[in-house]
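S.K.: sharing a model that was predicted from the sequence below.
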Amino acid sequence: MTRTSVEMPLRSLVAHLQIRATGCARRYVLGIAGPPGAGKSTLSKSIRNELNNRAGRMCAEIAPMDGFHLPNAVLRTTNDLERKGEPHTFDVAAYLDALRRLRDTPIGEPVPWPTFDRAIEEPTPAGVVFDRHEIAITEGNYLLLDEGAWSGVRDLLDEVWYLDVEREVIEQRLLRRHIRGGRSADAAKIKVHDSDLPNADLIAGTRDRADLVLRQRGGRYYAAEG
Ligand SMILES: Nc1ncnc2c1ncn2[C@@H]1O[C@H](COP(=O)(O)OP(=O)(O)OP(=O)(O)O)[C@@H](O)[C@H]1O
Ligand SMILES: [Mg+2]
């Protein structure tokens, strides 16, 4: 586990990001990677909101990797429903295509992006549409995975942050989430131990490929040192 030291206030993370994005001729793409339940979606929303507040306009939007979950009907045919969330249960080729469109489409032209509806555990096509947004924040588990088609993701991102969190914190968060989602306590435990935590271990092995490793503690973020 990494040691934490310097606090990285959201304001300063965003100020530096804004400077790098301003120097980019096309839409700038920030990746936020990390294990399930690390707080990637929460951090992405905070960053987006802070960017938009500072700019006084909608200059940033989130492009979730979760929008590329294969639909349940497809996972059922391959007996993969209980393994949902593992690398092979996403449409990686579609994610790569969408990232290329997001980067290369001139700002002002629409780029639809699928989101993920946790209530029904299914993607929503064109859940969000990019147009004038100059910064896209793509967040998800496998952005830094160097395996198969996933290894093509890193080159499409301008910078990647890895959000780290203790394994016990992840475990408790995910157990709570699965129970809230309708699983029994036993079924939640099985899902966490047989699928989520092995995924988290796989993802932990990708941390060194990040430009910045952040740890969250008590509502604040810290830069992690090796
Ligand atoms: N900075 C924070 N302080 C306290 N709790 C947090 C923080 N960030 C996230 N959490 C909590 O952790 C849980 C998981 O957060 P979130 O959904 O953002 O994680 P995630 O990394 O996007 O998960 P997943 O990979 O499953 O989509 C939520 O219950 C959220 O409230
Ligand atoms: Mg999330």
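M.R.: That came in fine, so what should we check first? Ligands and ions are numbered 1, 2, ... in the order given.

S.K.: touching, Lys191 and Glu82? I think so.
M.R.: Yes - Lys191 lies in contact with Glu82 (C-beta atoms under 8 Å); the separation is 7.2 Å. Quick note: C-beta positions are derived from backbone N, CA and C, even for glycine.

S.K.: quick one: is stretch 104-124 near ligand 1?
M.R.: No - judged by C-beta under 6 Å from any ligand atom, stretch 104-124 stays clear of ligand 1, getting no closer than 8.2 Å.

S.K.: for the remainder of this discussion, apply numbering that starts at 15.
M.R.: Understood, numbering begins at 15; the last thing we discussed is stretch 118-138.

S.K.: and that stretch, what's buried?
M.R.: For stretch 118-138, a neighbour-count test (16 or more other C-beta atoms under 10 Å) marks 125, 127-130, 137 as buried.

S.K.: which two among these are spaced furthest apart?
M.R.: The distance between the two most remote of the buried residues of stretch 118-138 (C-beta to C-beta) is 17.3 Å, for Val125 and Phe130.

S.K.: what residues are up against the closest residue to Phe104 other than its chain neighbours?
M.R.: Excluding the flanking residues, the one nearest Phe104 by C-beta to C-beta, 6 or more residues apart in numbering is Phe82, at 4.8 Å. Phe82 is in contact with 104-106, 108-109, 112, 128, 137, counting by C-beta atoms under 8 Å, 6 or more residues apart in numbering.

S.K.: buried among the residues you listed? Need that as a selection in PyMOL.
M.R.: To isolate the buried members of the contacts of Phe82 in PyMOL, using 16+ other C-beta under 10 Å:
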select buried, resi 104+105+106+109+112+128+137
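
S.K.: sort out which of the contacts of Phe82 are in strands and list them.
M.R.: Counting by DSSP state E, the contacts of Phe82 place 128, 137 in strands.

S.K.: now, which of the contacts of Phe82 sits nearest ligand 1?
M.R.: Distance to ligand 1 across the contacts of Phe82 (C-beta to the nearest ligand atom) is lowest for Phe104, with 12.2 Å.

S.K.: does the closest one touch Leu84 like I think?
M.R.: Yes - using C-beta under 8 Å, Phe104 is in contact with Leu84, at 6.5 Å.

S.K.: report pLDDT for the residue of the chain found nearest ligand 1.
M.R.: Residue nearest to ligand 1 within the chain (C-beta to the nearest ligand atom): Gly53, separated by 2.8 Å. Gly53 carries a pLDDT value of 96.

S.K.: contacts only, for it.
M.R.: Applying C-beta under 8 Å, 6+ apart, the residues near Gly53 are 177, 179, 230.

S.K.: next: Gly154.
M.R.: So Gly154 contacts 46-47, 54, 78-80 (C-beta under 8 Å, 6+ apart).

S.K.: at 7 Å instead, please
M.R.: The contact partners of Gly154, by C-beta atoms under 7 Å, 6 or more residues apart in numbering, come to 47, 54, 78-80.

S.K.: no further queries at this time; thank you.
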